[in-house]
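Chemist: Pasted the sequence and its predicted model underneath.
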Amino acid sequence: MLPARLSPSTRPLACLLLPRLDSHHPWHSSLPSSKVPTRRLLGRGTRQRAGRRCFTSIPIVDIGKLGGSVSERTVIGKELDAACRDCGFFYIRGHGVDETLLKSVRELTREWFDLPDNQKQLIQVGEHTKFRGWQPLGVNVTRYEGGFQRDWHESIDLYREVQVANSTDPRELRTINPWPKQIPLLEPALKAYVTAMLRLGRHLMRGIAIGLELSPTVFEDANKIDESYWCMRLINYPPLADAPKASG
């Protein structure tokens, strides 16, 4: 979760090109024809410019009453709907995730990143881990015209675990995670966090369904979100003073 505090006056203007939801959209066949969204509503902080949807601030939606009365759920559903149409992403507050869990994940993750590299290398990303695990500083790069810049961060990449028996196909990326076991409490904390996020995701999808004027459980009833292929990245950004120069 990110803190829900932004200053719209200091945010740069950003624009998005949004696709139309028409008969070729994969969701079209699963929605009643009368419920396929066709309207284009502009929320606060949004501008229309030459066929583009532009926004000057990121919407903040309080979902604390998403389990409340019908009228309360409807209001939040409309806010989520407008945020998805006009911006494409949003902050949330009132999410109900245990603050103790969030603090534990942050502190234990910092403790893991403080370990020496020879300890982190035990779960380093590679073909043998199906590209899950620790990515050292500078492994990721950002390319631009004329060169590239190594990204000054390290991370742990984790995905939904799927046990595949005796697979020798190098293209098979489903497997179990190389959990960071060097800090004993980190693995159970991360698994509890994943469970909390999946629960929150289902809660949000019900709110989005309400915003589309559909049954709150339409996505669950259609078996669309029963097995989320989640991705989690734990990222550490060291001080920039030692960052490498751009390469050309």
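Modeler: Cool, got the structure. Note that the coordinates shown come from a computational prediction; the quantities given were computed from them, not determined experimentally. Residues are numbered from 1 along each chain as shown.
Chemist: And the average pLDDT for stretch 190-205 is what?
Modeler: On average, the pLDDT along stretch 190-205 is 94.
Chemist: in it, what counts as buried?
Modeler: For stretch 190-205, the buried set under the neighbour-count rule, 16 or more other Cβ atoms under 10 Å, comprises 190, 193-194, 196-197, 200, 203-205. Where you see a C-beta, it was placed from the backbone N, CA and C, and this is true even at glycine.
Chemist: I'd like a version of the residues you listed in TSV, one that adds distance to residue 60 and secondary structure as further columns.
Modeler: Conversion of the buried residues of stretch 190-205 to TSV gives the following (distance: Cβ to Cβ, whole Å; DSSP: H, G, I helix; E, B strand; the rest coil):
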residue	distance to residue 60	secondary structure
190	26	helix
193	22	helix
194	24	helix
196	20	helix
197	19	helix
200	16	helix
203	17	helix
204	14	helix
205	19	helix
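Chemist: got those residues as CSV, with distance to residue 112 columns?
Modeler: As requested, these are exported to CSV (distance: Cβ to Cβ, whole Å):
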residue, distance to residue 112
190, 10
193, 14
194, 16
196, 19
197, 19
200, 24
203, 29
204, 29
205, 31
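Chemist: Tell me the one of these nearest residue 70?
Modeler: Proximity of the buried residues of stretch 190-205 to residue 70 was ranked by Cβ to Cβ; the top entry is residue 203 with 16.3 Å.
Chemist: these two touch, right, the closest one and residue 66?
Modeler: Yes: when contacts are counted by Cβ atoms under 8 Å, residue 203 is listed as touching residue 66 (6.3 Å).
Chemist: Show me the two of the buried residues of stretch 190-205 that sit farthest apart.
Modeler: For the buried residues of stretch 190-205, with distances taken as Cβ to Cβ, the pair at the greatest spread is 190 and 205 (22.5 Å).
Chemist: Which phi and psi values does residue 107 adopt?
Modeler: Its backbone dihedrals place residue 107 at phi -70, psi -40, with angles given as degrees, to the nearest 10.
Chemist: Kindly tell me how buried it is, as a neighbour count.
Modeler: When neighbours are defined as other Cβ atoms under 10 Å, residue 107 has 13 of them.
Chemist: quick one: it and residue 114, what's the gap?
Modeler: Using Cβ to Cβ, to the nearest Å, we find residue 107 at a distance of 11 Å from residue 114.
Chemist: Could you do residue 142 as well?
Modeler: The span separating residue 142 from residue 114 equals 26 Å under the rule Cβ to Cβ.
Chemist: likewise residue 146?
Modeler: In this structure, residue 146 and residue 114 are 36 Å apart, going by Cβ to Cβ.
Chemist: likewise residue 99?
Modeler: 23 Å.
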